[in-house]
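Colleague: Coordinates only, no sequence provided:
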């Protein structure tokens, strides 16, 4: 009897081990729906042509408004699966922040990534030095390319899940679609077809904090016995930001190895993929508008700048210089006023450390945001963690109340905390900030073409104005005035100011009379 029970228990154990879990069953069904493991494994090379549209939600015209249409592109993607090397040839036609076209190629391998051509207005030093223009990718961009490439190669991802079933874990359903988690991804499956319907990662956004970033797969078509999703939409917190359509797919074409070759000087010191704290959303979405600075410090070009510094530009007035985006610091009798908190909380924490050392005992009491765009507001938590009041233009208050109430548990620079009690001052037309000595700083709402509720700063004792994006003081002015430059002059006239100079959220400082002369021509 005892031997019978032992045999029975052993048999039950074997059966239980052989029975696939719910998660394994979902993966196996998806692999079979796509074409089967053997068919997926036979893929050696692939060529895809298609079109892409991009929208950037945090460059909207109105705070919290509709995402700005950014660009429309065509591409040809070629991959040597066995060598894990890919090349994407792009023609990107940008609509924002200004119409222009970039034609370039990206080459990605497991060890390094490269850009051949000009892909951004924010060209780094290596790209400007090379003839023809080219540069190796930063570790941040390479790690992002690897993650997004793996997300898009859904058949290979599923095969990896089959090969490592212990890493396939339960996950909550997404929109009624059963899901599993694997290696940082959550994969949902269509309950009718079994095909993967969504691939999600949990990211951090410098404005909205904790976000979901999804690839939504549809319009599956058969190519050589393997189904491929020809419609691919990326969603940020459920809102569309990328729309991709495959127009042509070729399975196992012959691939010229020379297409993956790059200049030797690019290979010499190419970065390895960044291992941690990758700012995925910054890397992905700054490319939407063609302004990405490809650097392993998102605040400045590590190949062309010595780093950030505080530069005194007038008595009691400091400007952050050395990076792609600036702030302005005005010293008052017992506190400080800061204009703009660009890029990341890491840059803001650097600024806080600098001001503590230079102005001991003077806290930052006011953070003035010239406008709501992510590149100039993305470090607001790093400043507001010190306390103080957020000052924004008319119509932006409700937007920033929602922003500061959002969870931020994935912030790589700050521990999780609540900012929902931060006081917000919304400026209807103008607002004066003063101290016990009578020193003033004034902000004015601007009628401008860039963003609703934009503020201009005015520091009377220095006869200094401050603007962001609509004028970049320092570089030569254009041959003719544009609406942004006109809005600066019109605001100055309306307020009855007599500035000598302006400082900018980009660039440095410049004489205001140069602008007056241009507008007067």
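Modeller: Thanks, I have the structure now. For clarity, every value in this text was computed on a predicted model and none was experimentally measured.
Colleague: how about the strands in the stretch 201-350 of the chain?
Modeller: 209-223, 226-236, 239-251, 309-314, 317-321, 328-331, 336-339 (DSSP state E, counting those that start in this stretch).
Colleague: Let's have those strands in CSV, adding mean pLDDT and mean neighbour count.
Modeller: For the C-beta atoms, the positions are set from N, CA and C on the backbone; glycine is no exception. Output for the strands of the stretch 201-350 of the chain, formatted as CSV (pLDDT from 0 to 100; neighbours: other CB atoms under 10 Å):
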stretch, mean pLDDT, mean neighbour count
strand 209-223, 98, 18
strand 226-236, 98, 19
strand 239-251, 98, 16
strand 309-314, 98, 15
strand 317-321, 97, 22
strand 328-331, 98, 22
strand 336-339, 98, 26
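Colleague: out of those strands, which comes closest to residue 80?
Modeller: strand 239-251 (13.2 Å; CB to CB).
Colleague: Residue 459 - how many residues pack around it?
Modeller: Residues lying near residue 459 (other CB atoms under 10 Å) number 25.
Colleague: distance between the ends of stretch 200-216?
Modeller: Taking CA to CA, to the nearest Å, the first and last residues of stretch 200-216 lie 9 Å apart.
Colleague: likewise stretch 463-472?
Modeller: End-to-end distance of stretch 463-472 (CA to CA): 18 Å.
Colleague: and if you look at stretch 287-300?
Modeller: Span of stretch 287-300 from end to end, CA to CA: 16 Å.
Colleague: Stretch 204-220: how far from the chain's middle?
Modeller: 12 Å (CA atoms, centre = their mean, to the nearest Å).
Colleague: let me redo that: stretch 350-370
Modeller: With CA atoms, centre = their mean, you get 26 Å for stretch 350-370.
Colleague: buried stuff in it?
Modeller: 350-352, 354-355, 359, 364-370 (16 or more other CB atoms under 10 Å).
Colleague: End to end on it, go ahead and measure it.
Modeller: End-to-end distance of stretch 350-370 (CA to CA): 20 Å.
Colleague: Now do that stretch, average pLDDT.
Modeller: Stretch 350-370 carries an average pLDDT of 97.
Colleague: just stretch 57-73 next, same as before
Modeller: For stretch 57-73, mean pLDDT is 97.
Colleague: which residues touch that stretch?
Modeller: With CB atoms under 8 Å, 6 or more residues apart in numbering as the contact definition, stretch 57-73 has outside contacts at 51-56, 90-97, 205, 207, 236, 239-241, 285, 288-290, 372-374, 392, 395-396, 398-400, 402, 451-453.
Colleague: Buried members of these into PyMOL, please.
Modeller: Buried residues within the contacts of stretch 57-73, by 16+ other CB under 10 Å, are selected in PyMOL with:
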select buried, resi 52+53+54+55+56+90+92+94+96+97+205+207+236+240+241+285+288+289+290+372+373+374+392+395+396+399+400+451+452+453
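Colleague: Tell me which of the contacts of stretch 57-73 fall in helices.
Modeller: If you go by DSSP state H, those have 285, 374, 398, 399, 400, 402 in helices.
Colleague: quick one: the helices in the stretch 1-150 of the chain?
Modeller: 2-18, 22-34, 37-41, 125-129, 139-152 (DSSP state H, counting those that start in this stretch).
Colleague: Let me see the mean pLDDT of the helix or strand following the last one.
Modeller: Using DSSP states H and E, the helix or strand that directly follows helix 139-152 along the chain is helix 154-163. Per-residue pLDDT values across helix 154-163 average out to 97.
Colleague: sorry, back to before: tell me which of the strands of the stretch 201-350 of the chain approaches residue 81 most closely.
Modeller: Once those are compared by CB to CB, strand 239-251 is nearest, at 10.5 Å.
Colleague: which strands and helices sit next to that closest one?
Modeller: With contacts taken as 3 or more CB pairs under 8 Å, 6 or more residues apart in numbering; DSSP states H and E, strand 239-251 sits against strand 45-56, strand 209-223, strand 226-236.
Colleague: Output the ones you listed in a markdown table; the columns should cover distance to residue 312.
Modeller: Below are the helices and strands packed on strand 239-251 laid out as a markdown table (distance: least, CB to CB, whole Å):
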| stretch | distance to residue 312 |
| --- | --- |
| strand 45-56 | 35 |
| strand 209-223 | 34 |
| strand 226-236 | 40 |
